[in-house]
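> 3D model of this:
(one chain, ligands or ions: 1)
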Amino acid sequence: MDIIINNKHILLAVSGGIAAYKSAELVRLLRKQGATVRVVMTHSALQFVGMLTFQALSGNPVHTELLDVDEENAMEHITLARWADVLIIAPATANTMAKCSHGLADNLVSTLYLAATCPVFMAPAMNQAMWNKPVTQENIQRLIGHGVTMIGPEPGEQACGETGMGRMSEPAEICRLLLAESTSQCLKGLSVLISAGPTREPLDPVRYLTNRSSGKMGYALAKAALKAGAKVTLVSGPVSLTPPEQADVFKIETAEQMYEVVITKAVEHDIYIGAAAVADYRPVFLETHKIKKSLEQTTLTLQKNHDILADVAMLSSNRPFTVGFAAETHDLERYAQDKLIKKNLDMIAANWVGQDSSNALHNESLGGFDSDQNALQVFWNEGQKSLAMTDKNNLAEQLIGLIAERMELKSK
Ligand code: PMT
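Numbers count the residues shown, from 1 in each chain. The predicted model follows:
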């Protein structure tokens, strides 16, 4: 599923239709993408799905009452409306849409709609004849005119046995559109410099030291940053991936070549993300001829490379918001926190690499090097967030969202 970043507060309002059961899956999908979800329900929605289902899936209490005496100020609708980055009414019944389109506020859902200042989405669901009724269509046009984004409905077989327009869109589709819409362009006007892939440290004309990085994580970040509206510069080690067309690309081989490009470009960018697996050391001697295997044992003398990330983070002027990665085989949090502080970073995204003892160096299913999937534990000075195992493109979008969120907070 091609989903955009998310660390958003999503308020899901469930009104009373048989499609309410699909909204339970929607909560699960939204949370999987990193959103925090709170749920409100109309009394008729409670006839279809119990509160406990939504409470368990969202991890938050579910609200059903407009004036809740148990709440401190009994003004839950205002508190919730201000909390939300996005309000989605799913399913949106003909009745709820009619109320919202005319400004009625006689239950928690219609009142929330009226109180909301965030973007509002509705996923209609109803019998095909109700959908086709001119008054329903008029109400929908009024809502669209008021800025509501409609998702669906879809044609097909309906729960009542009839066939036609009115099925609620599938949760995965709602999730995709919702997150794309709600989080897009979060880096609009900003520039992002990203390093990706491995470096190669030559030993002789035919051999080099390198690592297992495929560049997938860094390239996914470049795509996600472009999608979020940023201007992107990608500094890439040797990989077999095609860079995104809109990115400005610098191809390098060695860590020192990567250093030269990054350190020059960093001051021109708002954000630097070091996703590359940079060699810490390079051979001191580069043999001009192929090394011969005449000796039983031999020794390589290595010289430390520049720590590109640390040098960017230490820039005294025009320093970009600096995000590092940490690839760890053990004590992930300790090492990541240590790098965050010692390298003076704004944020660090830590991932496990080589953690499967049966195939310690390379395991597709567990993320990290060369896998299409990954999971990240992200740390910054005041907090941390886990981004669950998912496709690297999804993960990159979540990380970009988190970076945008932290930058906004930092500049406040
Ligand atoms: O490319 P993939 O196959 O998709 O795999 C993704 C990844 C596992 C490579 C990626 O998610 C990742 O973890 N990248 C960082 C790998 C790494 O070098 O980690 P590290 O803990 O050794 O380094 C910490 C940070 O310092 C990194 O941001 C690294 O880019 C940076 N560094 C390291 C050494 C050096 N000389 N200069 C640096 O800038």
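
> tell me the helices in the stretch 1-150 of the chain, going along the chain?
Assigned by DSSP state H, counting those that start in this stretch, the helices in the stretch 1-150 of the chain fall at 20-32, 43-46, 51-58, 76-83, 94-101, 108-115, 128-132, 134-145.

> sorry, that was for the stretch 301-412 of the chain
Going by DSSP H, counting those that start in this stretch, the stretch 301-412 of the chain shows helices at 308-313, 332-342, 392-411.

> Let's have these in a markdown table, adding distance to the ligand, mean neighbour count and mean pLDDT.
The way it works is simple: take the backbone N, C-alpha and C, and place the C-beta from them, glycine included. Shown next, in a markdown table, are those (distance: least, C-beta to the nearest ligand atom, whole Å; neighbours: other C-beta atoms under 10 Å; pLDDT from 0 to 100):
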| stretch | distance to the ligand | mean neighbour count | mean pLDDT |
| --- | --- | --- | --- |
| helix 308-313 | 3 | 22 | 98 |
| helix 332-342 | 6 | 16 | 97 |
| helix 392-411 | 6 | 22 | 86 |
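
> Could you point out which of those sits nearest residue 173?
Across the helices of the stretch 301-412 of the chain, residue 173 has its closest neighbour in helix 392-411 (15.3 Å, C-beta to C-beta).

> As CSV, could you dump the C-alpha coordinates of that closest one?
Presented in CSV, the C-alpha positions along helix 392-411 are these (Å, rounded to 0.1, in the frame of the first residue of the first chain):
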residue,chain,number,x,y,z
LYS,A,392,10.7,1.3,3.3
ASN,A,393,8.7,3.8,1.2
ASN,A,394,6.0,3.9,3.9
LEU,A,395,8.6,4.2,6.6
ALA,A,396,10.4,7.0,4.9
GLU,A,397,7.2,8.9,4.6
GLN,A,398,6.6,8.5,8.3
LEU,A,399,10.1,9.6,9.1
ILE,A,400,9.8,12.7,6.9
GLY,A,401,6.5,13.5,8.7
LEU,A,402,8.2,13.2,12.0
ILE,A,403,11.1,15.4,10.9
ALA,A,404,8.6,18.1,9.7
GLU,A,405,6.8,17.9,13.1
ARG,A,406,10.1,18.2,15.1
MET,A,407,11.3,21.1,13.0
GLU,A,408,8.1,23.0,13.4
LEU,A,409,8.3,22.5,17.2
LYS,A,410,12.0,23.5,17.3
SER,A,411,11.4,26.7,15.4
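
> Out of the helices of the stretch 301-412 of the chain, which gets nearest to residue 90?
The nearest among the helices of the stretch 301-412 of the chain, by C-beta to C-beta, is helix 392-411 at 21.0 Å.

> Now do the residue nearest the centre of the chain against residue 259, distance only.
Central residue of the chain (C-alpha atoms, centre = their mean): residue 398, 1.3 Å from the mean position. Separation of residue 398 from residue 259 (C-beta to C-beta, to the nearest Å): 29 Å.

> now residue 407
Separation of residue 407 from residue 259 (C-beta to C-beta): 25 Å.

> Check residue 110 too.
From residue 110 over to residue 259 the distance is 59 Å, taken as C-beta to C-beta.

> quick one: the residue nearest to the centre of the chain and residue 387 touch, right?
Yes - under the criterion of C-beta atoms under 8 Å, residue 398 makes contact with residue 387 at 5.0 Å.

> Spell out which residues are contacts of both of these two.
Common neighbours of residue 398 and residue 387, counting by C-beta atoms under 8 Å, 6 or more residues apart in numbering, are residue 34.
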